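Participant: here are the coordinates; sequence isn't available:
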């Protein structure tokens, strides 16, 4: 399991760096390529593994990019944690009803609205939310669909994820939505 | 006893409803804003400030359509406010660059007639704390 965490973290970091190189239409809204791996781990392995990989990616990614513990790190960290919580809850409670795309869109919405809320708090400007929320929803929809689609195909193409072999190696409480039982993260 | 693992679906009907609902919300929000703000100058309560060199020679509300003449360095210059937009109409300058500059309607926009030493600028009369309805700039 440790090897999986290390491998997934490296994979997420590569996607994170690649994501930083893609031009952004709105300054802080990124494609969120790294979340492809987080969502795949959340569904096919366990929320503990997904959380460990997700947090390590945010911290190590900030070291790579520069600006650890800077305001941008705090934005990235808070957005990442809130979106993970939302995706984990959605995957746990709504996953057979919602598909990969639905869960991913919810995560993208949570991520972007957390960041927008924090920016508005920092700038003490309530009107910014009124100005930007439709744009944030629009980008969350497009990027969420892309991440959900990619994550689903990652799970299908990687046999160890698709077979659910890693699910059974977790504890009873770690089981993701695809298996019989599980607990709330 | 544990059941076999089954990969959840990529896309379901609730997903479609979620996406369509949010899409409709976004489009209607933008349509509402677009319909509500046909004219930035008139709706935001902006003012036109006319300067002859460094001296302010007049302030005009963009909400009311009007036309007036200001004495510039070369002679009288006619400035027109129409539908919240400001334009230079008749100027004695030789090349008429100010007339060809078109109209301005947004806060901070400037029209200049250099030979007449005249400058027309749109300002927000509210104090800085209250006039932050538009983004000045954004940095990352």
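Facilitator: Good, I have the coordinates. No experiment lies behind these values; they were computed from the predicted model shown. Residues are numbered from 1 along each chain as shown, chains lettered A, B, ... in the order given.

Participant: Look up the pLDDT of the residue lying closest to residue A:139 once chain neighbours are set aside for me, please.
Facilitator: What sits nearest to residue A:139 in space, not counting adjacent residues and going by CB to CB, 6 or more residues apart in numbering or on different chains, is residue A:29, at 4.9 Å. Yep, even glycine has a C-beta here, placed from its N, CA and C like the rest. Model confidence at residue A:29, given as pLDDT, is 76.

Participant: From residue A:113, how far out is residue A:29?
Facilitator: Remark: distance between residue A:29 and residue A:113 (CB to CB, to the nearest Å) = 11 Å.

Participant: Now list whatever residues contact both of the two.
Facilitator: Counting by CB atoms under 8 Å, 6 or more residues apart in numbering or on different chains, the residues touching both residue A:29 and residue A:113 are residue A:136.

Participant: coming back round to it: quick one: contacts for the residue nearest to residue A:139?
Facilitator: Neighbouring residues of residue A:29 by CB under 8 Å, 6+ apart: A:112, A:136, A:139, A:143.

Participant: what secondary structure does it sit in?
Facilitator: What DSSP: H, G, I helix; E, B strand; the rest coil gives for residue A:29 is coil.

Participant: Would you mind measuring from it to chain B?
Facilitator: As judged by CB to the nearest CB, to the nearest Å, residue A:29 and chain B stand 11 Å apart.

Participant: now do residue A:111
Facilitator: Distance check for residue A:111 against chain B: by CB to the nearest CB, it reads 15 Å.

Participant: What of residue A:62?
Facilitator: Taking CB to the nearest CB as the criterion, residue A:62 is separated from chain B by 14 Å.

Participant: which strands and helices sit next to the helix or strand hosting that residue?
Facilitator: Element membership of residue A:62 [criterion: DSSP states H and E] is helix A:47-65. With contacts defined as 3 or more CB pairs under 8 Å, 6 or more residues apart in numbering or on different chains; DSSP states H and E, helix A:47-65 has these neighbours: helix A:2-21, helix A:35-44, helix A:71-94.

Participant: For chain A, give me the ranges with low pLDDT.
Facilitator: A:28, A:168-185 (pLDDT under 70).

Participant: so which residue of it comes closest to chain B?
Facilitator: Relative to chain B, the nearest point of chain A is residue A:164 (2.4 Å; CB to the nearest CB).

Participant: quick one, longest helix in chain B?
Facilitator: helix B:13-36 (DSSP state H).

Participant: check contacts around the nearest residue to residue A:132 once chain neighbours are set aside.
Facilitator: With CB to CB, 6+ apart as the criterion, residue A:132 has its nearest non-adjacent residue at 6.1 Å, and that residue is residue A:116. Contacts for residue A:116 (CB under 8 Å, 6+ apart) come out as A:128-129, A:132-133, A:136.

Participant: From residue A:90, how far off is residue A:116?
Facilitator: 20 Å.

Participant: returning to that earlier point: and the contacts of residue A:116, which of them are buried?
Facilitator: Restricting the contacts of residue A:116 to buried positions leaves A:128, A:132-133, A:136, with burial counted as 16 or more other CB atoms under 10 Å in any protein chain shown.

Participant: would you turn those residues into a markdown table with secondary structure?
Facilitator: A markdown table is the format used below for the buried ones among the contacts of residue A:116 (three-state DSSP):
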| residue | secondary structure |
| --- | --- |
| A:128 | helix |
| A:132 | helix |
| A:133 | helix |
| A:136 | helix |
